[in-house]
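> For reference, the sequence and a predicted model appear below.
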Amino acid sequence: MTGLPLPPVPEPYHLPFHYGALHNLGVDYLVDPEPVRALLAKRHPGLTAARFDGMACVSLNYQLYFAQYPGGGGITQEVEINIIAHPQFGEDRLPVLNYGQYARGYDQTKLLGIARLHVLCDNLLAIDAGTRLYAEPKYPGWFETVMPSLNAAAVRDRWSVSCRRAEAGPDGLRRDQEELFSLEADLVGLASEPVNNTPITGYGTDGEGRLLAGPLNVHQPYRYYALDDRTAGRVRLAVGSGGAGSGGERFGADEAGEAARDLGRLVADAPAAGVWTYQSAPVAAHNRPYYVR
């Protein structure tokens, strides 16, 4: 039998990785394909950027998730800056789709996936795991967020994510107050629909130039919000002053600064084309007390 070997699973990790809970906000932007093509060729030479009516798609993906381990639990936040792409050999196998069809999960070949350009994360163990298992370009960052929650009735269908600089230190994550970028989505009153768009294929390129793919299964539908000229303003992306334009010297040459610069250059002033959200259902509720006597 011929074929490729499976990528190794280094100790102490085990696959599949099971999420105990997941809260997720994604925003897609349809952008000029030429800068996307050039950056993708540099980062993932085995991939080709998808085209939707002639436009490329940059996707931001914020996650808050919980995982349970034999010795306890861990909470992680991260944000991915992705390009929707497919392997170069897969062009003839893909259906012809517009963006709305892609967002609704019409591509069941799952060759269309997320090519990770940058992943910023507040958990050093998750950074190590993502790098070693999935060849993610993953490095420290930290987040201030507001999101819908049953434990705060006043917060409904509004999301806010601020991604800030951090670095790994001997005692854990060292936080810096500098904001790299922020994302806000006010979805109050917008129509949404359930979509079955998983498994999501995540692409990485390892240090030897080998392309690998890791599917993520989410076990319930996402909520998809299609945006148009009237509603695109409900989503606001702000890149720190070092991230936009051709200079960006303020952010320096580190990976976090590069993430902000790439985001500013690729998205620029493009309006958001669509939003997708997922929030794990609660599994228990501690109810209001009452007086016994």
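In hand now; what should we look at? Predicted model, so just to flag it, every value in this text is computed and none were measured.
> what's the neighbour count on Gln88?
The number of residues packed near Gln88 is 12, by other C-beta atoms under 10 Å. In short, each C-beta sits where N, CA and C put it, glycine included.
> the helices in the stretch 151-293 of the chain, which residues?
Across the stretch 151-293 of the chain, reading from the start of the chain, the helices by DSSP state H, counting those that start in this stretch fall at 255-267.
> so where's it shaky on pLDDT?
Judged against pLDDT under 70, the low-scoring parts of the stretch 151-293 of the chain cover residues 241-253.
> Tell me the buried residues in stretch 276-293?
276-280 (16 or more other C-beta atoms under 10 Å).
> Out of those, which comes closest to Leu124?
Taking C-beta to C-beta as the measure, Ser280 is the one of those closest to Leu124, at 23.7 Å.
> what sits against the closest one?
The neighbours of Ser280, taking C-beta atoms under 8 Å, 6 or more residues apart in numbering as the test, are 19, 21-23.
> want to throw those residues into CSV with pLDDT, distance to Arg158 and secondary structure?
Formatted as CSV, the contacts of Ser280 follow (pLDDT from 0 to 100; distance: C-beta to C-beta, whole Å; DSSP: H, G, I helix; E, B strand; the rest coil):
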residue, pLDDT, distance to Arg158, secondary structure
Tyr19, 97, 23, coil
Ala21, 97, 20, strand
Leu22, 98, 19, strand
His23, 97, 13, strand
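> Of the residues you listed, which is the nearest to Ala152?
Taking the contacts of Ser280 together and measuring to Ala152 by C-beta to C-beta, the closest member is His23, at 13.1 Å.
> what's the distance between the closest one and Tyr224?
Shown here: His23 relative to Tyr224, a distance of 16 Å by C-beta to C-beta, to the nearest Å.
> With Ile81 instead?
Here the criterion is C-beta to C-beta. By it, Ile81 lies 20 Å from Tyr224.
> Need the three-state assignment for Ala38.
Of the three states, Ala38 takes helix under DSSP: H, G, I helix; E, B strand; the rest coil.
> any idea of the pLDDT on Thr2?
As summarised for this prediction, Thr2 has a pLDDT of 77.
> helix, strand or coil for it?
Using three-state DSSP as the criterion, the local structure at Thr2 reads coil.
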